[in-house]
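1. Sequence first, then the predicted structure:
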Amino acid sequence: MAVLVVDAATFCHGAEVVDGLVARLGLRRLTDEELFASAAERCQVAPKKLHRLMYGPPSFFGTPRREKATLVAVLRACLADAIGVDGRIYAGLAGHLLPPTLTHTLKVCLGGTPEWRLQQAMAAGLARHEAERTIARDDEARAEWIRLVTGRGPWDKSLVDVFVAMQEETVESAVALIAECAERPVLQLTAAAEQAVRDFRLAAAVGVAVAEQGHDVDVICQRGAVEVLIKHHSLFLERLEKELEAIALGVPGVTSARAHPGPDYREPAVAFNVDLEVPSKVLLVDDEKEFVHTLSERLQTRQIEPAIAYDGEQALVMVATDEPDVIVLDLKMPGIDGIEVLRRVKRTNPRTEVIILTGHGSDAEEQLAAELGAFAYLRKPVDLDVLTETMKAAYRRVNENRGGDHD
């Protein structure tokens, strides 16, 4: 018996259809509550945060892209663990996390025309304006979630195997139609389907591992061989590929790993940085991961796309390989501290400008940083406008020094 995944739009009798399928086919339910509880325990967040991510309200303000990627990755891994057995049914939006390689799953969407859905809502006791507001809110949340996890529109029929127009069906006829599809031999849990489940679980585990390190990527797997598909442009692509491959190889069961730009990866346009004052290669160095990722996202709103290092040793490797224009550097880090990083950078790459950004500095350290060649010394918390203008000023000096080389 297939695994059924049902995505029902609001006021399309989803609960009744699912009840009918459970009764007719003897399926066991997987609920959102179970899925959220499992994911919440794994990533140490409240289940309501996962519910809000999936079902709205839209935009989910206050959640950085890195955290969203982690929550989605953990939800996918928990779903992979739960959905790999035969004879289950899940009703909800998490079904869009399942890949098309799972041939024993049947994805069903229950929809209806706007006016028909309004009529169903009003028959349930809602006033027309309340029904319109509810349907619009739920459709918007559904669309945002589906775009987040698939990159497609909310009514793209390629996302499902069976689309049921409920204005043309009764609950009973919809149950009969879906049950007939579910009982087809092609949906049985064969050896090949079991292998696809194992591949999905391993890909999901790798997805969690890379998301926890701050990366938003896609992962596919075939018999232990993993591909990590990079979605977002990086100025340090080769280093990023190696980092992702190393993370993937650290996941038990992975036999090989290859990271490369995926189909969603886009190089920036030629005029990506038409503002010549905007640094083209920026490196943020800070061991406080949440802080540095939040700062990175805020800088991206100013057309500054930085790379990130979490310690001094990693930063020095990146400087030797890629020679950033501007470095924003924390002082207090395990291993090689910021002062030593500054000293080595100015010795090996004197044209790279270094801005110290610290929450634990002292007047003596500020003086030492200036003597070692730091461009500026800022203290946390820093105003984003102040930091941006300081980075632009540092970049102007980089360009002036480059111009001098040609004189």
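-> On my side now, so go ahead. Residues are numbered from 1 along each chain as shown.
2. Do a quick rundown of the strands in the protein.
-> For the chain, the strands defined by DSSP state E occupy 3-8, 28-30, 88-91, 105-111, 162-165, 217-222, 225-230, 256-261, 282-285, 307-309, 326-329, 353-358, 376-379.
3. List the buried residues for the fifth one?
-> It refers to strand 162-165. By 16 or more other CB atoms under 10 Å, the buried positions in strand 162-165 come out as 162, 164. In short, each C-beta sits where N, CA and C put it, glycine included.
4. Which residue comes closest to residue 14 once chain neighbours are left out?
-> Once flanking residues are discounted, residue 14 sits nearest to residue 8: 2.6 Å by CB to CB, 6 or more residues apart in numbering.
5. any idea how far that neighbour lies from residue 120?
-> 12 Å (CB to CB, to the nearest Å).
6. In terms of packing, which of the two has more residues around it?
-> residue 8 (22 against 19; other CB atoms under 10 Å).
7. Okay, and the beta partners of that one?
-> For residue 8, the beta-bridge partners under DSSP bridges are residue 110.
8. What is the neighbour count of residue 389?
-> For residue 389, the count of nearby residues is 12 (other CB under 10 Å).
9. Next one: it, what pLDDT does it get?
-> On the pLDDT scale, residue 389 is placed at 94.
10. how many other residues sit next to the residue nearest to residue 102 when sequence neighbours are not counted?
-> Computed as CB to CB, 6+ apart, the closest residue to residue 102 that is not its neighbour in sequence is residue 196, at 5.5 Å. Counted with other CB under 10 Å, the neighbours of residue 196 add up to 22.
11. So residue 209 versus residue 251, what's the distance?
-> 5 Å.
12. these two touch, right, the residue nearest to residue 102 and residue 101?
-> Yes. The pair residue 196 and residue 101 qualifies as a contact (CB atoms under 8 Å) at a distance of 4.7 Å.
13. ok, residue 399 to residue 11 distance?
-> Residue 399 is 60 Å from residue 11, by CB to CB.
14. Comparing the two, which shows the higher neighbour count?
-> Set side by side, residue 399 and residue 11 show more neighbours around residue 11, with 22 against 14, by other CB under 10 Å.
15. My guess is that one contacts residue 135. True?
-> Yes. Here residue 11 reaches residue 135: they are 6.7 Å apart, a contact under CB under 8 Å.
16. so what's in contact with these two at the same time?
-> Common contacts of residue 11 and residue 135, defined by CB atoms under 8 Å, 6 or more residues apart in numbering, comprise 117, 118, 121.
17. Most neighbours among the residues you listed, which one?
-> residue 117 (23 neighbours).
18. Spatially central residue for the protein, please.
-> For the chain, the residue nearest the mean C-alpha position is residue 69 (2.5 Å; CA atoms, centre = their mean).
19. which ones are touching that residue?
-> Contact analysis of residue 69 by CB under 8 Å, 6+ apart lists 211, 215, 216.
20. Repeat the analysis, applying 10 Å as the threshold.
-> Going by CB atoms under 10 Å, 6 or more residues apart in numbering, residue 69 touches 148, 207, 208, 210, 211, 212, 214, 215, 216, 217, 231.
21. From residue 305, how far out is the last one?
-> When distance is defined by CB to CB, residue 231 is 14 Å away from residue 305.
22. more crowded one of these two?
-> residue 305 (20 against 16).
23. so the more buried one makes contact with residue 298?
-> No. The criterion here is CB atoms under 10 Å, and residue 305 misses it with residue 298 at 11.7 Å.
24. Sketch out the low-pLDDT regions of the chain for me.
-> 1, 57-64, 84-86, 268-276, 403-407 (pLDDT under 70).
25. just the helices in it please.
-> Under the criterion DSSP state H, the chain contains helices at 14-25, 32-43, 47-55, 65-83, 114-123, 128-150, 171-182, 191-211, 237-249, 289-300, 312-322, 338-348, 363-372, 384-405.
26. okay, those helices in a markdown table with distance to residue 97 next?
-> Shown next, in a markdown table, are those (distance: least, CB to CB, whole Å):
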| stretch | distance to residue 97 |
| --- | --- |
| helix 14-25 | 18 |
| helix 32-43 | 10 |
| helix 47-55 | 10 |
| helix 65-83 | 4 |
| helix 114-123 | 25 |
| helix 128-150 | 6 |
| helix 171-182 | 20 |
| helix 191-211 | 8 |
| helix 237-249 | 19 |
| helix 289-300 | 23 |
| helix 312-322 | 31 |
| helix 338-348 | 40 |
| helix 363-372 | 47 |
| helix 384-405 | 34 |
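27. Of all those helices, which one is nearest residue 265?
-> For the helices of the chain, the distance to residue 265 is smallest for helix 237-249, at 9.1 Å, taking CB to CB.
28. now the closest one and strand 256-261, what's the angle there?
-> 150 degrees (axes from the mean of the first three to the mean of the last three CA atoms, to 10 degrees).
29. for helix 237-249, which positions count as buried?
-> Residues of helix 237-249 classed as buried by neighbour count (16+ other CB under 10 Å): 237, 239, 240, 241, 243, 244, 245, 247, 248.
30. Surely residue 120 and residue 16 touch.
-> No. The criterion here is CB under 10 Å, and residue 120 misses it with residue 16 at 11.2 Å.
31. quick one: which of the contacts of residue 69 is nearest residue 360?
-> Nearest to residue 360 among the contacts of residue 69, with distances taken as CB to CB, is residue 214, at 22.7 Å.
32. Please list all residues in contact with that closest one.
-> Residues near residue 214 by CB under 10 Å, 6+ apart: 64-67, 69-70, 243, 289-290, 292-293, 296, 308, 310.
33. so can I have CSV of those residues showing distance to residue 323?
-> Below are these laid out as CSV (distance: CB to CB, whole Å):
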residue, distance to residue 323
64, 28
65, 27
66, 26
67, 31
69, 29
70, 31
243, 18
289, 24
290, 28
292, 20
293, 23
296, 19
308, 16
310, 19
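34. my guess is residue 24 contacts residue 174, does it?
-> No. With contact defined as CB under 10 Å, residue 24 does not reach residue 174; the gap is 11.3 Å.
35. of those two, who's got more company?
-> residue 174 (24 against 15).
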